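A.B. asks: got a predicted structure here, sequence first:
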Amino acid sequence: MTEYKGKLGLYIGGEWLNSDGRDTQDVLNPATGETHAGLPMATSDDLDKALEATQRGFAEWRSTAPVERAAVLTKAASLLRARGDEIARIATLEQGKPTAEAKGEITLAAGLLDFHAGEAQRIYGRVLPRPTGSRSLVLKQPVGPVAAFCAWNFPVLNVVRKLGPAVASGCSIIIKPSEETAGSAIEVMRCFQDAGLPANVVQMVFGVPDTISRHLLSSSVTRKLSFTGSVPVGKHLLKLAADTVMKSTMELGGHGPVLVFDDCDLEITLDLLVANKFRNAGQVCISPTRFYVQDAVYERFAQGFAERTGRIKVGEGLDNSTQMGPMANPRGVTGINELVNDARSAGARILTGGDHGNQGRGFFYSPTVMTDVPLTARAMNEEPFGPLALISPFATVEEGIEQANRLPFGLAAYCFTENGRLQNRLAEEVEAGMIAINNVALSAPDSPFGGMKESGFGSEDGPEGIEAHLVIKTVHIK
C-alpha cells in the first residue's frame with residue numbers, strides 16, 4: 001500500500017474525519033491495480049452534519065463582502081500552483097494520466113479560480129427607470145447551499161469547477177468528488193482551507209453515490225444541483241431534483257463529431273486531432289470520437305491518423321516519456337473492448353490497436369483506430385469514453401452536418417476547413433454547446449463550458465458559471 005502525503009478523509013464542519021466507525025473503499029493505482037489507501041465512506045449521520053454545517057455556512061458566506069470572497073479564491077489559486085507538483089503526482093497515481101497532463105490541468109484550474117475571484121466582484125444588478133418617487137431594482141443573490149457531484153476524469157479541474165463559482169457567488173456547497181480520485185480532491189480542499197475559507201462554507205464527502213445523492217437532494221437545505229458525469233446518471237439526478245424544483249447545472253456526456261473537409265491543412269489537422277483524441281486516454285467528455293472525413297482526403301486521413309496513433313507511447317503516467325497512460329478503472333477497459341468487438345463483428349476494420357497492449361498489469365488499452373464502422377454499431381451511438389477513434393467518409397457538406405447532428409448528444413464538435421463561409425455555416429448549423437474550428441481548444445476560464453440536447457444544460461466557467469449560482473429578485477419601491 002502506497003500512502004498519500006495526507007490521509008484520506010471527509011471534511012465536515014471544518015474537521016477532517018477518518019475511517020473510525022466508517023466503511024472504507026480502496027483507492028487504486030490504475031497503472032498497477034494496486035491499492036493506495038482506504039477512503040472513509042460517509043454515514044447518514046455524517047451527511048446530516050454536512051447539511052447542518054452548509055446551512056450555517058451559507059448564512060455566513062452570503063453576507064461576506066465580495067472582495068473577501070475574491071481574496072480566498074486568489075489565495076487558493078496561489079496554493080494550488082505552489083503545490084502543483086505534489087498534487088499532479090497524486091492525480092497521476094490515482095487517475096493514470098501522464099504527469100505533464102496533470103500539471104496542465106492544475107494550471108487551468110488555478111486560472112479558473114483567479115477568473116472567478118474577479119467575477120465575484122462583478123455580480124451586478126440594475127436599477128430600472130421609473131417616475132420620481134418610485135424605484136425598481138433587479139437584484140442577483142446567491143441561490144443557497146449547493147450539492148455538487150463530479151467525475152474522476154479530471155480530478156482537480158472538476159472539483160475546482162464546482163467550488164470556484166459557488167464560493168465566488170456567496171453559496172455554500174457540499175461536494176462529492178469521485179471516490180476513485182479522492183486524494184486529488186482532498187488536496188484541492190486543503191488549498192481552500194489554508195486560504196482562509198470559513199469552516200462551514202465547503203463540505204467534502206465520499207460514499208455510495210446513489211445514497212449520498214438521494215440524501216442531499218431530498219433535503220430542504222439544498223437549493224442547487226451541479227453534476228458532471230454520464231447522461232444516464234444525470235437524468236436520474238434530475239428526477240430527484242424535480243421533487244423540489246431545484247436549480248440545476250448538468251454537464252453530461254457527448255460523442256464529439258469531427259468534420260474534416262478536403263480543403264483543410266491535412267497534416268496540421270492530423271497532428272492536432274491525434275494528440276487531442278488520446279489525451280487522458282480518451283476519457284474526456286469533449287473528446288473527438290466520430291471522425292467524418294470528406295471523400296477526397298478520406299484515405300490519406302485514415303492512414304495518417306493510424307500511423308500517428310501507432311507511434312503513441314503507452315505506459316505509467318509517472319514516466320516522463322509516456323504519452324498515454326492507463327484507463328482509470330477496469331470497467332472502462334471492459335467497456336471499450338466490448339465496443340471494439342461489436343464493431344469488428346459488424347464489419348469494421350481495425351487500423352491499429354484493438355487490444356489491451358503488452359503492459360502486463362494495470363488497466364491499459366491500446367490507442368485504437370477503426371474505419372468502415374456501420375451506423376448500427378454500438379460505438380457509433382454510445383459514447384466511447386476511452387482511446388477509440390471511429391473514421392467514416394462523407395461526400396457533401398449537408399451529409400457531414402447531418403451525421404454530426406445525428407445523435408441526441410450536443411456537447412462538443414470540431415470542424416476543419418479553410419472556407420470562411422463554410423466556417424460560419426458550421427458554427428450556425430452544428431448542434432453542440434462548444435465548437436472548435438481549425439483547433440481543438442474548447443476550455444478557457446472566461447468562456448462558458450456546457451452542452452445542449454442530452455448533453456446537459458447550463459454552463460460552467462465564464463460569467464455564466466457564476467450566473468448559474470444566482471437567483472434574480474425584482475424589488476418595486478413606491
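C.D. replies: That came through, no problem.
A.B. asks: how about low-confidence regions in the chain?
C.D. replies: Along the chain, segments meeting pLDDT under 70 span 1-6, 358.
A.B. asks: would you map out the domains in it?
C.D. replies: Here the domain parsing of the chain from automatic domain parsing is 10-252+455-477, 256-445.
A.B. asks: mind listing the strands for the stretch 251-400 of the chain?
C.D. replies: For the stretch 251-400 of the chain, strands defined by DSSP state E, counting those that start in this stretch occupy the ranges 256-260, 288-294, 349-352, 368-371, 388-394.
A.B. asks: tell me which other helices or strands the first one touches.
C.D. replies: Meaning strand 256-260. Counting contacts by 3 or more CB pairs under 8 Å, 6 or more residues apart in numbering; DSSP states H and E, strand 256-260 packs against strand 288-294, helix 397-404, strand 412-416. C-beta coordinates here come from the backbone N, C-alpha and C atoms, glycine included.
A.B. asks: which of the residues in the next helix or strand after the last one are buried?
C.D. replies: Of the helices and strands lying after strand 412-416 in sequence (DSSP states H and E), the nearest is helix 420-429. Of the residues in helix 420-429, those scored as buried under the neighbour-count criterion (16 or more other CB atoms under 10 Å) are 422-423, 426.
A.B. asks: just send the residues you listed back as TSV, with distance to Asp342 too.
C.D. replies: Shown next, in TSV, are these (distance: CB to CB, whole Å):
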residue	distance to Asp342
Leu422	34
Gln423	35
Leu426	30
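A.B. asks: and which of those is nearest to Pro384?
C.D. replies: Nearest to Pro384, judged by CB to CB, of the buried residues of helix 420-429 is Leu426 at 23.2 Å.
A.B. asks: what about that closest one, distance to Leu28?
C.D. replies: Separation of Leu426 from Leu28 (CB to CB, to the nearest Å): 42 Å.
A.B. asks: ok, now Leu470?
C.D. replies: Taking CB to CB as the measure, Leu470 falls 39 Å from Leu28.
A.B. asks: repeat that for Ile312.
C.D. replies: On the measure of CB to CB, Ile312 and Leu28 end up 24 Å apart.
A.B. asks: so which of those two has more stuff around it?
C.D. replies: Higher neighbour count among Ile312 and Leu28: Leu28, with 21 against 18, using other CB atoms under 10 Å.
A.B. asks: torsion angles phi and psi at that one?
C.D. replies: Backbone geometry at Leu28, expressed as degrees, to the nearest 10, gives phi -100, psi 160.
A.B. asks: likewise for Val202?
C.D. replies: phi -120, psi 130.
A.B. asks: leaving out chain neighbours, which residue sits closest to it?
C.D. replies: Ile173 (5.5 Å; CB to CB, 6 or more residues apart in numbering).
A.B. asks: kindly report the same for Arg344.
C.D. replies: Distance criterion CB to CB, 6+ apart; nearest residue to Arg344, sequence neighbours excluded, is Ile350 at 6.5 Å.
A.B. asks: swap in Thr222?
C.D. replies: Distance criterion CB to CB, 6+ apart; nearest residue to Thr222, sequence neighbours excluded, is Ala147 at 4.7 Å.
A.B. asks: ok, the closest residue in space to Asp263 that isn't next to it in sequence to Ile212 distance?
C.D. replies: Closest residue to Asp263 apart from its sequence neighbours, by CB to CB, 6+ apart: Glu418 at 4.9 Å. Separation of Glu418 from Ile212 (CB to CB) stands at 50 Å.
A.B. asks: what is the neighbour count of the residue nearest to Thr222?
C.D. replies: The number of residues packed near Ala147 is 32, by other CB under 10 Å.
A.B. asks: confirm it sits in a helix?
C.D. replies: No: going by DSSP: H, G, I helix; E, B strand; the rest coil, the assignment for Ala147 is strand, not a helix.
A.B. asks: so what's it bridging to?
C.D. replies: Note on Ala147: beta-bridge partners Ile174, Leu225, judged by DSSP bridges.
A.B. asks: how about the strands of the stretch 251-400 of the chain in CSV, adding distance to Pro445?
C.D. replies: What follows is these, written out as CSV (distance: least, CB to CB, whole Å):
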stretch, distance to Pro445
strand 256-260, 21
strand 288-294, 22
strand 349-352, 36
strand 368-371, 33
strand 388-394, 29
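A.B. asks: possible to save the ones you listed as JSON lines with mean neighbour count and distance to Ala444?
C.D. replies: JSON lines is the format used below for those (neighbours: other CB atoms under 10 Å; distance: least, CB to CB, whole Å):
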{"stretch": "strand 256-260", "mean neighbour count": "27", "distance to Ala444": "17"}
{"stretch": "strand 288-294", "mean neighbour count": "24", "distance to Ala444": "18"}
{"stretch": "strand 349-352", "mean neighbour count": "17", "distance to Ala444": "32"}
{"stretch": "strand 368-371", "mean neighbour count": "26", "distance to Ala444": "29"}
{"stretch": "strand 388-394", "mean neighbour count": "23", "distance to Ala444": "25"}
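A.B. asks: residue boundaries of the strands in the stretch 101-250 of the chain?
C.D. replies: 126-128, 135-142, 146-149, 173-176, 202-204, 224-228, 247-251.
A.B. asks: partners of the last one, with directions?
C.D. replies: Spelled out, that is strand 247-251. strand 224-228 (parallel), strand 456-457 (antiparallel).
A.B. asks: residues making contact with the shortest one?
C.D. replies: Pointing back at strand 456-457 there. With CB atoms under 8 Å, 6 or more residues apart in numbering as the test, strand 456-457 has contacts from 234, 248-252, 411, 433, 450-451.
A.B. asks: among these, which pair sits farthest apart?
C.D. replies: Ser248 and Leu411 (16.4 Å).
A.B. asks: which one of those two has more residues nearby?
C.D. replies: Per other CB under 10 Å, whichever of Ser248 and Leu411 has more neighbours is Leu411, with 27 against 20.
A.B. asks: so what's the residue nearest to Val202 up against?
C.D. replies: By CB under 8 Å, 6+ apart, Ile173 lies in contact with 54, 145-148, 162-163, 166-167, 201-203.
A.B. asks: quick check: bridge partners of the residue nearest to Arg344?
C.D. replies: Met370.
A.B. asks: and it, how far is that from Gly360?
C.D. replies: In this view, Ile350 and Gly360 are 22 Å apart by CB to CB.
A.B. asks: isn't Thr64 right next to Gly170, touching?
C.D. replies: Yes: counting by CB atoms under 8 Å, Thr64 does reach Gly170; the two are 6.9 Å apart.
A.B. asks: neighbour-wise, which of those two wins?
C.D. replies: More crowded of Thr64 and Gly170, by other CB under 10 Å: Gly170, with 25 against 15.
A.B. asks: so how far is Gly118 from that one?
C.D. replies: Counting by CB to CB, the gap from Gly170 to Gly118 is 15 Å.
A.B. asks: and if you look at Pro387?
C.D. replies: From Pro387 across to Gly118, the span is 37 Å (CB to CB).
A.B. asks: the two - which one has more neighbours?
C.D. replies: Applying other CB under 10 Å to Pro387 and Gly118 shows that Pro387 carries more neighbours, namely 28 against 15.
A.B. asks: show the contacting residues for that one.
C.D. replies: Pro387 sits in contact with 277-278, 281-282, 324, 327, 336, 353, 365-368, where contact means CB under 8 Å, 6+ apart.
A.B. asks: repeat for Ala59
C.D. replies: By CB under 8 Å, 6+ apart, Ala59 lies in contact with nothing.
A.B. asks: can I get the longest helix seen in the chain in PDB, CA atoms only?
C.D. replies: Counting residues, the longest helix found in the chain (DSSP state H) is helix 99-119. This file holds the C-alpha atoms of helix 99-119, laid out as PDB (Å, rounded to 0.1, in the frame of the first residue of the first chain):
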ATOM      1  CA  THR A  99       2.100  13.800 -15.100                       C
ATOM      2  CA  ALA A 100       2.500  16.600 -17.700                       C
ATOM      3  CA  GLU A 101      -1.200  16.400 -18.400                       C
ATOM      4  CA  ALA A 102      -2.000  16.500 -14.700                       C
ATOM      5  CA  LYS A 103       0.200  19.700 -14.300                       C
ATOM      6  CA  GLY A 104      -1.600  21.300 -17.200                       C
ATOM      7  CA  GLU A 105      -4.900  20.500 -15.500                       C
ATOM      8  CA  ILE A 106      -3.800  22.200 -12.400                       C
ATOM      9  CA  THR A 107      -2.600  25.300 -14.300                       C
ATOM     10  CA  LEU A 108      -6.100  25.600 -15.900                       C
ATOM     11  CA  ALA A 109      -7.800  25.100 -12.600                       C
ATOM     12  CA  ALA A 110      -5.700  27.800 -10.900                       C
ATOM     13  CA  GLY A 111      -6.500  30.200 -13.700                       C
ATOM     14  CA  LEU A 112     -10.200  29.400 -13.300                       C
ATOM     15  CA  LEU A 113     -10.000  30.300  -9.600                       C
ATOM     16  CA  ASP A 114      -8.400  33.600 -10.500                       C
ATOM     17  CA  PHE A 115     -11.100  34.400 -13.000                       C
ATOM     18  CA  HIS A 116     -13.900  33.600 -10.500                       C
ATOM     19  CA  ALA A 117     -12.100  35.900  -8.000                       C
ATOM     20  CA  GLY A 118     -12.600  38.700 -10.400                       C
ATOM     21  CA  GLU A 119     -16.200  37.700 -11.200                       C
END
